[in-house]
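Only the shape, not the letters, is given here:
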């Protein structure tokens, strides 16, 4: 099965208030989707709905062909989510956190993708090694993001989700993570969702993009459009801003 | 606003902090404002259905409880009026202990706000923060003391004690003194500051719980108990938590062995066992997206969180239970029944602990309250009342499971 994520007519929100509605989205293996949108546009709510953190008020989500509402535990085995840094278990050390996630996913704590450097250790490449035995509470925001990303990659699930996690990384770590993401998707076994405010990073990393506004998908870019927009400097940002302005004017 | 500007004042409306250009920043009410905002935000975050349940269901239950108590006190009025032990020891204790507990809790609540991480950057000395917390504690104490005065005065009027008003006033003074003493003690030792300093000296090495916390999912108990890196730090609180049940167990065992009767040791084992379980059960990982987005179900996580506290509770129970058996071997059913009831009570509390996952103290109070109320009604109406308690436990467990699955 090529489709890793199938979202149909999804609507979700908090305590009866619908925040995202009418979302149709599907991701195939090899896709890297850039999820864009202003603050409060519904990006994080959509990710929470896809990852089973909030109930769906309508529609359905299937991860790797498994319905999230019907069999949540099985469906959740199909994705790895980089948890927001402030939600990590602060008392545990980075190593303990990785062991915790590995024990839940039923894989070895070193079952990590290595990008195009098969022998290299991802922890060392992200410069996480010297922090790994200290409590997460003592980490900087960027180091916490690295721990969250490593945990998301554990067991190499078919769908990887990064909710603004890449924003806090230092240049070396950001480059390493992007290299791993690109290599994973090039292997044809994985798909990735990257939610970000860094619009200019999207054409370089992603082969698809969507823009969220007022809880709906207001604009989509396929691989060809994204490649075209990425050719001229600033062209993609311009098209995103134009879409946002049109939405505001409407 | 313009009038304020002419007086040289800038108003920050969100926190209602007013800064006077010609004087120090006025922030005395900051802790109170934060607590008020939290309360309002908490109420707004609740669904109307839940609010209605709390207001009408809770209100109805409270009205019934008050009516029940009034009738019971009225019926027992002559006996209560002449009970010397009640007036000389029972009532003062019943006022002083809750007063001290409330003073400790309210001042802790205020201190946490005064030393909140987002306020660290403000130019406020620790003394000023303590002062802010103290003022908030004082303001919050007023309605509590008033309610004690009214309740005690009414209770005295119901049983026909002369000078009911004076008794109400006296009760309020006693409650206020114990509240104030505990609050003052807590405010002079802001533990939050020491914890912050202590976190910098987290030891590195092999965590003490390594062997016990190896079951899947690994390190869950270290996380639940907030042990930095799985290391346990010795503290007076931990020492007291270990010492008190140990003394109770030894005294119970001694009483049983001396009197050749199984009762005291079995009772000490049961009470100490449930106390150990309540003190050691922590369920806050159940609310974390780390577990909620992972391929693991609620029941498995819940059972894993319960596992170590249950082991500790049963390990504690074994000493007094063994003493009970040694004291009166023919009464073997007494410690066996104690063990059975310990399991039942631990299971019931585990549902409360999971429901109030971020507030273990509230979980303990609610469980003790539910247990006491069910016990009281059972004496009045028979054992069928226990079905209500069982239904409440199942309901809490179900709601917690729903929350884990759907947020």
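It's in. Small disclaimer: the values here were computed from a predicted structure and weren't measured.

Show me what from chain A comes close to chain B.
Residues of chain A lying close to chain B by CB under 8 Å from any CB of the partner chain are A:15-16, A:48, A:51-55, A:72-74, A:76-77, A:79, A:81, A:83-84, A:87-89, A:91-93, A:96-97, A:99-105, A:133-135, A:137-138. C-beta coordinates here come from the backbone N, C-alpha and C atoms, glycine included.

Among those, which ones are in strands?
Taking DSSP state E as the definition of strands, these contribute A:79, A:81.

Just the buried subset of the residues of chain A next to chain B, written out for PyMOL, thanks.
A single PyMOL command selects the buried members of these (16 or more other CB atoms under 10 Å in any protein chain shown):
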select buried, chain A and resi 48+51+52+53+54+72+76+77+79+81+83+88+89+91+92+93+96+97+99+100+101+102+103+104+105+134+135+137+138
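
Spatially nearest residue to residue 176, not counting backbone neighbours?
No chain specified, so I'll use chain A. Distances taken as CB to CB, 6 or more residues apart in numbering or on different chains put residue A:125 closest to residue A:176, at 4.9 Å, once the chain neighbours are dropped.

um, chain B though
Distances taken as CB to CB, 6+ apart put residue B:145 closest to residue B:176, at 4.9 Å, once the chain neighbours are dropped.

which residues does that neighbour contact?
The contact partners of residue B:145, by CB atoms under 8 Å, 6 or more residues apart in numbering or on different chains, come to B:172, B:175, B:176, B:179.

unless I'm mixing things up, residue B:363 is touching residue B:353, no?
Yes - counting by CB atoms under 8 Å, residue B:363 does reach residue B:353; the two are 4.8 Å apart.

Now for the two: what residues contact both?
Shared contacts of residue B:363 and residue B:353 (CB under 8 Å, 6+ apart): residue B:278.

More neighbours: which of these two?
Remark: of residue B:363 and residue B:353, residue B:353 carries more neighbours, 30 against 24, as counted by other CB atoms under 10 Å in any protein chain shown.

give me the element that one is part of.
Using DSSP states H and E, residue B:353 falls within helix B:333-355.

The helix or strand that that helix is followed by and chain A in contact?
Next in sequence after helix B:333-355, counting helices and strands by DSSP H and E, comes helix B:360-381. No - for helix B:360-381 and chain A, the contact criterion (CB under 8 Å from any CB) is not met; the two come no nearer than 15.6 Å.

Which residue ranges of chain A form strands?
Shown for chain A, the strands assigned by DSSP E span residues A:3-14, A:17-28, A:32-37, A:56-63, A:66-67, A:79-82, A:159-163, A:191-195, A:208-213, A:216-221.

and the fifth one, which strands flank it?
Each strand paired with strand A:66-67, and its direction, by DSSP bridges: strand A:56-63 (antiparallel).

do the same with the third one
When pairing is defined by DSSP bridges, strand A:32-37 lines up against strand A:191-195 (parallel), strand A:208-213 (parallel).

same deal with the last one?
Sheet pairing for strand A:216-221, assigned by DSSP bridges, gives strand A:208-213 (antiparallel).

Tell me which residues are up against the strand it pairs with.
By CB under 8 Å, 6+ apart, strand A:208-213 touches A:20, A:25, A:31-38, A:41-43, A:46, A:202-203, A:217-223, A:226, A:240, A:243-244, A:247.

Burial check on the residue of the stretch 201-350 of chain B found nearest chain A, number of neighbours?
Using CB to the nearest CB, the single residue of the stretch 201-350 of chain B nearest to chain A is residue B:295, 3.8 Å away. For residue B:295, the neighbour count with other CB under 10 Å is 18.

ok, now residue A:185?
By other CB under 10 Å, 20 other residues sit near residue A:185.

Surely it touches residue A:32?
Yes - contact between residue A:185 and residue A:32 holds when scored by CB under 8 Å: they sit 5.2 Å apart.

Spit out the residues that contact those two alike.
Shared contacts of residue A:185 and residue A:32 (CB under 8 Å, 6+ apart): A:191, A:192, A:207.

from those, which is closest to chain B?
Ranked by distance to chain B (CB to the nearest CB), the shared contacts of residue A:185 and residue A:32 are led by residue A:192 at 15.9 Å.

for chain B, what's the longest helix?
Longest helix of chain B, by residue count under DSSP state H: helix B:126-158.

Could you count how many residues lie near the residue nearest to residue B:77 when sequence neighbours are not counted?
In this structure, residue B:77 finds its nearest non-sequential neighbour in residue B:159, 4.0 Å apart by CB to CB, 6+ apart. Using other CB under 10 Å, the number of residues around residue B:159 comes to 17.

measure residue B:159 to residue A:145 for me?
From residue B:159 over to residue A:145 the distance is 64 Å, taken as CB to CB, to the nearest Å.

Same check on residue B:369?
Remark: distance between residue B:369 and residue A:145 (CB to CB) = 43 Å.

ok, now residue B:185?
The gap separating residue B:185 from residue A:145 is 41 Å, by CB to CB.

between the two, who's got more neighbours?
Legend: neighbour count by other CB under 10 Å for residue B:185 and residue A:145, higher for residue A:145 (28 against 13).

What is the subsequent helix or strand relative to the longest helix of chain B?
From helix B:126-158, the next helix or strand downstream (DSSP H and E) is helix B:164-188.
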